[in-house]
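[1] got a predicted structure plus its sequence, pasted below:
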Amino acid sequence: MEFVMKQALGGATKDMGKMLGGDEEKDPDAAKKEEERQEALRQAEEERKAKYAKMEAEREAMRQGIRDKYGIKKKEEREAEAQAAMEANSEGSLTRPKKAIPPGCGDEVEEEEESILDTVIKYLPGPLQDMLKK
């Protein structure tokens with residue numbers, strides 16, 4: 001009876017046997033097959049990485065051609081030059097590099113204050129102008 005049941009159900013008997021707590025049928029080559037599968041996955045991954053590395057190298061060659069044609073520097077090169085310039089400026093200094101003073105800052109502020117005061121005096125009545133000029 002059991003034989004007829006297995007024939008009628010086909011491959012489903014393995015699952016039913018497991019569900020009912022029966023013995024599992026172990027494939028003697030299961031470990032070997034799993035190892036081969038893992039190796040195939042590793043090999044496919046290596047091939048994929050090699051393919052994308054080759055594509056990226058081709059892209060970079062094209063980018064470099066464009067940079068050479070138009071005189072553009074790579075971002076890393078610009079950053080390295082800026083860093084070298086900062087180090088050259090601060091060479092021998094024990095403190096951090098000074099920030100550049102933008103134009104319009106410094107001594108000119110006092111001159112602007114005087115010109116503002118002169119402007120205000122112009123709009124005052126005559127006797128007040130005389131008092132403030134003295």
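    Sure, I can see it. Residues are numbered from 1 along each chain as shown.
[2] now the helices for this structure?
    Secondary structure of the chain (DSSP state H): helices at 2-9, 12-19, 30-70, 75-89, 108-122, 126-133.
[3] turn these into JSON lines, columns for mean pLDDT.
    Output for the helices of the chain, formatted as JSON lines (pLDDT from 0 to 100):
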{"stretch": "helix 2-9", "mean pLDDT": "54"}
{"stretch": "helix 12-19", "mean pLDDT": "60"}
{"stretch": "helix 30-70", "mean pLDDT": "95"}
{"stretch": "helix 75-89", "mean pLDDT": "81"}
{"stretch": "helix 108-122", "mean pLDDT": "67"}
{"stretch": "helix 126-133", "mean pLDDT": "77"}
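[4] I'd like those helices laid out as a markdown table, including distance to residue 99 and mean neighbour count.
    Every C-beta, even on glycine, is put in place using the N, C-alpha and C of the backbone. As requested, those are exported to a markdown table (distance: least, C-beta to C-beta, whole Å; neighbours: other C-beta atoms under 10 Å):
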| stretch | distance to residue 99 | mean neighbour count |
| --- | --- | --- |
| helix 2-9 | 83 | 10 |
| helix 12-19 | 75 | 12 |
| helix 30-70 | 31 | 10 |
| helix 75-89 | 11 | 10 |
| helix 108-122 | 17 | 10 |
| helix 126-133 | 38 | 10 |
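[5] nearest to residue 100, out of the ones you listed?
    Comparing the helices of the chain against residue 100 with C-beta to C-beta, the closest turns out to be helix 75-89 (10.2 Å).
[6] against which helices or strands is the closest one packed?
    On a contact count with 3 or more C-beta pairs under 8 Å, 6 or more residues apart in numbering; DSSP states H and E, helix 75-89 meets no helix or strand.
[7] can you redo the helices of the chain as a markdown table with distance to residue 101?
    Output for these, formatted as a markdown table (distance: least, C-beta to C-beta, whole Å):
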| stretch | distance to residue 101 |
| --- | --- |
| helix 2-9 | 90 |
| helix 12-19 | 81 |
| helix 30-70 | 34 |
| helix 75-89 | 15 |
| helix 108-122 | 11 |
| helix 126-133 | 33 |
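[8] tell me the spacing between residue 128 and residue 117.
    13 Å (C-beta to C-beta, to the nearest Å).
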